[in-house]
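Engineer: what's the 3D shape of this:
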Amino acid sequence: MFIATLTARHLDPAAAEALRNAWGGGVLQWLSPDEAAEFELAEVPSTFRNTWRDLQSLQIDLNIQPADNRRKKMLLADMDSTMIQQECIDELAEEAGVGERVKEITARAMNGELDFDGALTERVGLLKGLPESVIQRVIDTRITLMPGGPELIATMKANGAYCALVSGGFTAFTAKIAATLSFDENRANTLMAGNGTLTGEVGRPILGREAKVQALEEITARLGITEADVIAVGDGANDLGMLGRAGTGVALHAKPAVAAQCEIRVNHGDLTSLLYLQGYSRTDFVTT
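Structural biologist: Coordinates of the predicted model:
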């Protein structure tokens, strides 16, 4: 058995019902009025891909997944452009006056066009000499949470799930975001500093794609759960490893080359879409 989930900022009830009828699905269940609905399917329809593309033009996300084990015991989340709306290194680069150069490298790295480790090393090198105090200023003035993040974490934790933040960004940022959203743990890279300024170096080993997979393996083993019990979310090429291994890997507003390699995609909704994918209704949400 499978579940088809429809999410949108404004989900047309007639469109949802028409799709259910066309596919011969089960009863349409509304998880949130005019925002999220789901129905059962005996199998994945052969027209799924074409239908998905048609609905994207209407800003509706459609995902199909097995009905079993949808509600996960662990969340593994990327930070930059996932739990926050920015790329922290790009914001630091703006302060250093090298914003455009760094943004270009970031975009190419996240789309899988550049080696992550090399791209990170090059970008951090451009921050050399920046006062260390700029990190806190960026956190205070430039970083904003992705909509739906607080509800996602609070609701999953209230239902017994473990939440881990794993980022190719930096510990100064993950520590703040993890504390703000009440993640259980966080892992990231370390910006090296001396005498109050950034040295232009990043601590080794660099946390990239393989380190995120390692986090998935280590944390699930420690918790005594399986990778099938995990929902992972990210947007960049360095997230593909963990997205492919997790029971549910969600590409959130992902780069084109990343989205093309993922089965579950959220292009129009916010982070609460991850709750709808697990079968939570709006009335189940925990707010902070």
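
Engineer: can you confirm C163 is in a strand?
Structural biologist: Yes - assignment of C163 by DSSP: H, G, I helix; E, B strand; the rest coil places it within a strand.

Engineer: Give me the distance between it and E38.
Structural biologist: To E38, C163 is 23 Å away according to CB to CB, to the nearest Å. In short, each C-beta sits where N, CA and C put it, glycine included.

Engineer: For the stretch 101-250 of the chain, which segments count as helices?
Structural biologist: For the stretch 101-250 of the chain, applying DSSP state H, counting those that start in this stretch gives helices covering 116-125, 134-141, 149-158, 171-181, 209-223, 240-245.

Engineer: Please identify which of C163 and E38 sits among more neighbours.
Structural biologist: Set C163 next to E38 and count neighbours by other CB atoms under 10 Å: E38 wins out with 27 against 20.

Engineer: if I look at that one, how far off is G279?
Structural biologist: E38 is 7 Å from G279, where distance means CB to CB.

Engineer: can you list residues touching both of the two?
Structural biologist: Taking CB atoms under 8 Å, 6 or more residues apart in numbering as the contact criterion, the common neighbours of E38 and G279 are I3, L31.

Engineer: Excluding chain neighbours, give the residue nearest to G203 in space.
Structural biologist: Using CB to CB, 6 or more residues apart in numbering and skipping the chain neighbours, the partner closest in space to G203 is T190 (3.5 Å).

Engineer: Does R49 belong to a helix, a strand or coil?
Structural biologist: Strictly by three-state DSSP, R49 counts as helix.

Engineer: So it versus I64, what's the distance?
Structural biologist: Distance check for R49 against I64: by CB to CB, it reads 11 Å.

Engineer: cool, and L243?
Structural biologist: As judged by CB to CB, L243 and I64 stand 17 Å apart.

Engineer: So between these two, which is more surrounded?
Structural biologist: For L243 and I64, the more surrounded residue by other CB under 10 Å is L243, and the numbers stand at 29 against 19.

Engineer: Pull up the per-residue confidence for the more buried one.
Structural biologist: pLDDT for L243: 97.

Engineer: List the residues that contact the residue lying closest to G129 once chain neighbours are set aside.
Structural biologist: Sequence neighbours aside, T197 is the residue nearest to G129 in space, at 5.5 Å (criterion: CB to CB, 6+ apart). Contacts for T197 were tallied using CB under 8 Å, 6+ apart; they are K128, G129, L130, P131, E132.
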